[in-house]
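**Student:** below are the sequence and a predicted model for it; my questions follow.
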Amino acid sequence: MPKGIAVIDMERCKGCGLCIAACPFGVLGFSEQYNSSGYNVACMVQPEKCTGCTICAQICPDVAIEVYRKETAKGAA
Amino acid sequence: MSRVLMRGNEAIAEAAIRAGCQCYFCYPITPQGELVEYMARELPARGGAFLQAESETAAINMVYGASAAGVRTMTSSSSPGISLKLEGISYMAGARLPGVIVNIMRGGPGLGNIAPAQGDYFQATKGGGHGDYRLIVLAPSSVQEAAELVMLAFDLSDRYRTPAMLLADGMLGQMMEPVELPDPIDPATIPGRPWALTGAVDRAPNVVLSFDLDPQGLKEMNKGLQRTYQEITERELRWEEVDTEDADLLIVAYGSMGRIAKSVVRSAREEGIKAGLVRPITLWPFPYARIRELSERVSTVLTAELSAGQMWEDVRLAVGDRAATPFFGELGGVVPTPRDVLSEVKRYANG
Amino acid sequence: MPMVETRIPEGYTKVFTRPEALSDAQYTYCPGCHHGVITRLVAEALDELGIRGRTVGIAPVGCAVFLYRFFNCDFVQAAHGRACAVATGLKRANPDLVVFSYQGDGDLGAIGTAETVHAANRGENITVIFINNQIYGMTGGEMAPTTLPGQRTVTSPGGRDTRLMGYPLKVSEMLAQLDGPCYITRQSVHDARHVGLTRKAIVQAFRNQLEGKGFSLVEVLAACPTNFKMSPEQGNTWVVEKAMKAFPLGDLKGA
């Protein structure tokens, strides 16, 4: 199980690619899908590498990303 | 009620405070300086906010903000300053924000001079700013009436959610007269403002906007404005008549000129001329119907103004060809004597 | 098209989500526009300080004109450049309100220069968010007061010629010279670290208002990829390599 999960709201994503460029672990890439506005949306292409660092969400101009992190023994990280 | 001797500018300021004006924003300009000074001295002492802005443009936008926050608010200026405020007035009209604007007119165009004039009639009643809006325009002809009308301006502005203007001239602003100041209003009687920006707690957010990018939406917004203007026209027309019952010559004049015309009617009557006066108090809405009605019974409708003939256009619209419609005007801040006007009246009466 | 339902397995906690002060409305900004990040950071500040219910925002004209749709708080739209005057009116009428304006470089640094300078000089107790993207976005990419020397825009097609068109206006440096403001800072949102710094600055600017300290302004450098005719990534590079050279980041007054 990966440490983190980035959930991209496909309808909010405008396919700008800033999250893809910002992710330090190459987790994100363009999907093969287009949303109802015609944007080629981003998705997790290597989900297993996600650490839940939230960099993608911080940089996303459309507030389209929610991030989940795996709880550790000490509780939520 | 208390009877005191006051300058027009001061009476307007005092009446505004008594009407519940909580925020006043201004930029200095002659001939309304006493109004600014009075507010600077009195309003903060009585719990309100006074601020001298960096420009007339800023002052009217402060009015826009204070009105959006839900308080009674006012600004005052004179002709060139009002030109700068027109942007904000158009925005207030579009955003349905109440607020009172006082214009103590001076000679124009351009810098003009600081003498009394009535050259801003078009600007006040025909828009001035951009877009399909109207401004309630009230024109007093005495210090007493100025005090009463500024209070009325607040009431009408609140009732119809649209800005209102008190249009006077330098003569009225500077004139000292005994005035019975109306009692301060009970703030509880001010209509509620559920639309005001007070913080979205336990309600959906309020928004104050003067735009709708969708043409259908903007059309509806404009239709709403027009309905309000129609309502104002039906309910709020005000004018004064003097000796109109049997008049054969009717003078139409407002403000300071209306005051002069009143004494002219008296003198004319003494000389056997059946003169009468209609003095519009609301310049917008304009009492077209009454003037039209009276024009059926008179031979002449003489318009007198301290301008080249601005209200004259409205009078001619009202009268059509039912009577002769001559004009008498003075320009540049020159104020005619009653005798000047009387000789004009005689000319047409003998005519 | 069908939305892909992402199932979150057990044992995961949500660590980043939309701030409550943002509505569900979709932004109308172009892809890759930094406005979106800055708008979110303002919303996060309202959440963090718990002030959404007493806040009034002031929307400018231009790309952020729809700000009132994006926020869950009271909003007013101001005439071009007049936001600081409108803010003054709101705040003087009701000092309990938290008032912020959100303005671009043309709005705040060209047509609204006087309103901005004098609100700052009065130490008006408001928060100003100033987006400096060196161009007029919505009207089609005209030269802004902050356009860089040599920068091509539709109204400086040969590049901004400083002999004819003057220099980029350093609004924050100017304001920092005044006695009125308590906090003037310049930030950027081109990477996550700087997003964090900008967030901190915006929270500080609101905190100053809550503490009655007076005028705070957070300038945020931004890119307009659409009018720069660049990709969003190139926009970020522009901010780092060009904009930050002319407009160095950091606190110019207070902190």
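**Tutor:** The structure has been received and is ready for your questions. Numbers count the residues shown, from 1 in each chain, chains lettered A, B, ... in the order given.

**Student:** what residues does the helix or strand where residue C:163 lies touch?
**Tutor:** Assigned by DSSP states H and E, residue C:163 belongs to helix C:162-165. The contact list for helix C:162-165, computed with Cβ atoms under 8 Å, 6 or more residues apart in numbering or on different chains, reads C:143, C:147, C:149, C:156. Placement of C-beta: from N, CA and C, glycine included.

**Student:** for that helix, the distance to its chain's centre please.
**Tutor:** 27 Å (Cα atoms, centre = their mean, to the nearest Å).

**Student:** what's the next secondary structure element after it?
**Tutor:** As assigned by DSSP H and E, the chain's next helix or strand after helix C:162-165 is helix C:171-176.

**Student:** any residue of that following helix touching chain B?
**Tutor:** No: judged by Cβ under 8 Å from any Cβ of the partner chain, helix C:171-176 stays clear of chain B, getting no closer than 14.3 Å.

**Student:** in helices, which of the contacts of helix C:162-165 fall?
**Tutor:** The helices, defined by DSSP state H, take in nothing from the contacts of helix C:162-165.

**Student:** what's the farthest-apart pair in those residues?
**Tutor:** C:143 and C:149 (11.1 Å; Cβ to Cβ).

**Student:** dihedrals phi and psi, residue C:153?
**Tutor:** phi -140, psi 180 (degrees, to the nearest 10).

**Student:** list the contacts for the nearest residue to it once chain neighbours are set aside?
**Tutor:** Nearest residue to residue C:153 in three dimensions, chain neighbours excluded: residue C:143, at 4.4 Å (Cβ to Cβ, 6 or more residues apart in numbering or on different chains). The contact partners of residue C:143, by Cβ under 8 Å, 6+ apart, come to C:135-136, C:151, C:153-156, C:160, C:165.

**Student:** for chain C, what is the nearest residue in the stretch 1-150 of chain B?
**Tutor:** Residue of the stretch 1-150 of chain B nearest chain C, by Cβ to the nearest Cβ: residue B:65 (2.5 Å).

**Student:** what's the distance between that residue and residue C:74?
**Tutor:** Relative to residue C:74, residue B:65 is positioned 12 Å away (Cβ to Cβ, to the nearest Å).

**Student:** those two: which is more packed in?
**Tutor:** Counted by other Cβ atoms under 10 Å in any protein chain shown, residue B:65 and residue C:74 do not tie: residue B:65 has more neighbours, with 32 against 29.

**Student:** tell me the contacts of the residue lying closest to the more buried one once chain neighbours are set aside?
**Tutor:** Of all residues beyond its chain neighbours, the one nearest residue B:65 is residue C:89 (2.5 Å), with distances taken as Cβ to Cβ, 6+ apart. Residues in contact with residue C:89 (Cβ under 8 Å, 6+ apart) are B:23, B:25, B:61-69, B:73.

**Student:** adding pLDDT and secondary structure, write these out as TSV.
**Tutor:** Converted to TSV, the contacts of residue C:89 look like this (pLDDT from 0 to 100; DSSP: H, G, I helix; E, B strand; the rest coil):
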residue	pLDDT	secondary structure
B:23	98	strand
B:25	98	strand
B:61	98	helix
B:62	98	helix
B:63	98	helix
B:64	98	helix
B:65	98	helix
B:66	98	helix
B:67	98	helix
B:68	98	helix
B:69	98	coil
B:73	98	strand
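
**Student:** which one of those residues is nearest to chain A?
**Tutor:** residue B:68 (27.3 Å).

**Student:** contacting residues for residue C:78?
**Tutor:** B:61, B:64-65, C:58-61, C:85-86, C:101.

**Student:** among these, which lie within helices?
**Tutor:** If you go by DSSP H, the contacts of residue C:78 have B:61, B:64-65, C:85-86 in helices.

**Student:** ok, residue B:280 to chain A distance?
**Tutor:** Distance, residue B:280 to chain A, using Cβ to the nearest Cβ, to the nearest Å: 56 Å.

**Student:** that residue contacts residue B:318, doesn't it?
**Tutor:** No: using Cβ atoms under 8 Å, residue B:280 makes no contact with residue B:318, being 10.2 Å away.

**Student:** follow-up on the earlier one: my guess is the residue of the stretch 1-150 of chain B closest to chain C contacts residue C:76, does it?
**Tutor:** Yes: here residue B:65 reaches residue C:76: they are 7.2 Å apart, a contact under Cβ under 8 Å.

**Student:** need the overlap of contacts for those two.
**Tutor:** With Cβ under 8 Å, 6+ apart as the test, residue B:65 and residue C:76 both reach C:86, C:90.

**Student:** between residue C:143 and residue C:149, which contacts overlap?
**Tutor:** Common neighbours of residue C:143 and residue C:149, counting by Cβ under 8 Å, 6+ apart, are residue C:160.

**Student:** can you check the distance spanned by stretch C:239-251, start to finish?
**Tutor:** Start to finish, the residues bounding stretch C:239-251 are 18 Å apart (Cα to Cα, to the nearest Å).

**Student:** got the contact list for that stretch?
**Tutor:** When contacts are defined by Cβ under 8 Å, 6+ apart, stretch C:239-251 is touched by residues C:34, C:132, C:134, C:146, C:148-149, C:151, C:168, C:170, C:172, C:183-188, C:190, C:194, C:219, C:221-223.

**Student:** can you list the buried residues in that stretch?
**Tutor:** C:239, C:242-244, C:246-247, C:249 (16 or more other Cβ atoms under 10 Å in any protein chain shown).

**Student:** next: stretch C:160-175.
**Tutor:** C:160, C:168-172, C:174-175.

**Student:** roughly how far out does it sit from the chain middle?
**Tutor:** Stretch C:160-175 has its C-alpha centroid displaced from the chain centroid by 19 Å (Cα atoms, centre = their mean).

**Student:** which residues in the chain form helices?
**Tutor:** Using chain A. A:18-22, A:55-59.

**Student:** my bad, chain C
**Tutor:** So, for chain C - with DSSP H - the helices run C:35-49, C:67-70, C:83-93, C:105-106, C:113-121, C:162-165, C:171-176, C:192-210, C:225-228, C:232-238, C:244-246.

**Student:** hmm, back to that, which of the contacts of residue C:78 tops the neighbour count?
**Tutor:** Result: residue C:85 is most packed of the contacts of residue C:78 (other Cβ under 10 Å), 35 neighbours.

**Student:** contacts only, for that one.
**Tutor:** Neighbours of residue C:85 in contact, by Cβ under 8 Å, 6+ apart: B:53, B:57-59, B:61-62, B:64-65, C:78, C:115, C:119.

**Student:** equivalent analysis for residue B:305, please.
**Tutor:** Contacts for residue B:305 (Cβ under 8 Å, 6+ apart) come out as B:118, B:121, B:253-254, B:257, B:311-312, B:327-329.
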